[in-house]
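Enquirer: What would the 3D arrangement of this be:
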Amino acid sequence: MEKVGNLAEQARAQLGRVLVGQDELSQQLLVVVLCRGHALIEGVPGLAKTLAVKALAKVLQLEFQRVQCTPDLMPADVIGGNIFNSTTGAFSLHRGPLFTDLLLVDEINRTPPRTQSALLESMEEAQVTIDGTRHQLSDFFTVFATQNPIEFEGTYPLPEAQLDRFLLKIHVGYPSGEEEIAILERYQSGFDARQLDRMELQSIGIEALRDARAAVSSVQVEPGLFRYVSELVRRSRDWPSLSLGASPRAGLNLLLASKAVAAMEGRDYLVPDDVKQIAPAVLRHRVVLKPEADLEGVSAEQVVRDLLAAVEVPK
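Expert: As a prediction, the model looks like this:
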C-alpha cells in the first residue's frame, strides 16, 4: 500500500505543476483510473477539465484521444469501421478514437442518443463490435466525459440508466481568488497549456499502475463497513425528497472507490472516513429528486450529505 500512496503522491505533485488548485479533481481522476472506471466531469468552460485529463495521461504514460461531440456525430466516428482499399481490393480496419487508453469525450450531452449508447456500451464491455467482429479495448481504457451544466439548447441529456454506468460524477468549480491570480502569474511566466509536451513531467510506469490497481482490490473491509455502505444506498431509496434512489451498482462502486481512497492514503484497510470522502462523487448522479424538492432548491449533493449524517457510522 505504501507504493500506492507514493504513486498517488507523485501523480498529484506532477498534476500540480500543470493545474492550480483543483486538488479534489486530481484525487478523483486518480480514483477513477485505479478502479478501472469512468467519470462524468461537470463544469463550465475554461476550468482546465481537458488539460487535467491530458496531463494525467502524460504522467501515467497512457495514450490520450479526444472527441468533440456534436449533434451530427455518428457511432462510426467514434468506434471506426472497415474501409475499402481500392489499391489492395480489400477492406481494412480504421480504428476510431475509442481505441486508446484515456478518452476525453467533450460535451457528451451534445451527442445524439445512438452515439451515446455506442460509447456507453464500450465502457461497460471494454470491447466494440465492427461488422460482426469483436475488438478488445485497452486494459487501461477509461472514459472521461464532460458536460456543460449551463447550456441545454441542442443537447441530449443522459438518461439515468446511462448515468449509473459512470463510477464518479466530478464537479469542477471556479478557483479561489488567490488561485486565479496564480494562474495569471503562471501564464505570464511562460506556461502554455497547448504546449504540454514541452513540460518535463515525471512519468509513472505502467507496471506501477498495474500494481496499484491490484493493491486496491486487496484492501481489507470489516463487516460493519459492508453494512454501512449498504445502509447508505438502501436509505436513499426511501428518502423523502427522492423519486429514485441508488442502485446495487452504486453500492459496489462506492465500496470500490472507497478502497481506492484508502490505498492512496497508504492503508490496507477501509475506514468510514474513506466512504464519506468519496460518497458525494459516487452517488450525486445516481439519485433523482422529486419535482417538488427540485423546485424548493434541494440538490442531490445536499441529499447525499443528509444521508451521510443520518446513517450511523460503525464503531
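Enquirer: quick one, helices of the stretch 101-250 of the chain?
Expert: Assigned by DSSP state H, counting those that start in this stretch, the helices in the stretch 101-250 of the chain fall at 113-125, 160-163, 177-188, 206-217, 223-237, 248-264.
Enquirer: mind giving me the domain ranges of this structure?
Expert: Domain assignment for the chain by automatic domain parsing gives 2-209, 219-310.
Enquirer: Output the ones you listed in a markdown table, with mean pLDDT and mean neighbour count appended to each entry.
Expert: Every C-beta, even on glycine, is put in place using the N, C-alpha and C of the backbone. Below are the domains of the chain laid out as a markdown table (pLDDT from 0 to 100; neighbours: other CB atoms under 10 Å):
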| stretch | mean pLDDT | mean neighbour count |
| --- | --- | --- |
| domain 2-209 | 89 | 17 |
| domain 219-310 | 94 | 18 |
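Enquirer: any chance of the helices of the stretch 101-250 of the chain in a markdown table, plus distance to Gln27?
Expert: Shown next, in a markdown table, are the helices of the stretch 101-250 of the chain (distance: least, CB to CB, whole Å):
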| stretch | distance to Gln27 |
| --- | --- |
| helix 113-125 | 22 |
| helix 160-163 | 21 |
| helix 177-188 | 16 |
| helix 206-217 | 14 |
| helix 223-237 | 20 |
| helix 248-264 | 7 |
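Enquirer: Between those helices, which one is closest to Ala310.
Expert: Comparing the helices of the stretch 101-250 of the chain against Ala310 with CB to CB, the closest turns out to be helix 223-237 (6.6 Å).
Enquirer: Work out which residue lies at the spatial centre of this structure.
Expert: Centroid-nearest residue in the chain, with CA atoms, centre = their mean: Ala39, separated by 1.9 Å.
Enquirer: Let me know the helix or strand that His285 is in.
Expert: Using DSSP states H and E, His285 sits in no helix or strand.
Enquirer: contacting residues for it?
Expert: Leu40, Leu163, Asp164, Phe166, Lys169, Ala300 (CB atoms under 8 Å, 6 or more residues apart in numbering).
Enquirer: Could you give the separation of stretch 213-223 from the chain centroid?
Expert: The chain centre lies 20 Å from the centre of stretch 213-223; the measure is CA atoms, centre = their mean, to the nearest Å.
Enquirer: Residues touching it, excluding its own?
Expert: Residues from elsewhere that reach stretch 213-223 (CB under 8 Å, 6+ apart): 1, 3-4, 34-36, 255-256, 259-260, 262-263, 267-270, 314.
Enquirer: now with 6 Å?
Expert: With contacts defined as CB atoms under 6 Å, 6 or more residues apart in numbering, stretch 213-223 is touched by Met1, Val4, Leu34, Lys259, Ala260, Ala262, Ala263, Asp268, Tyr269, Leu270.
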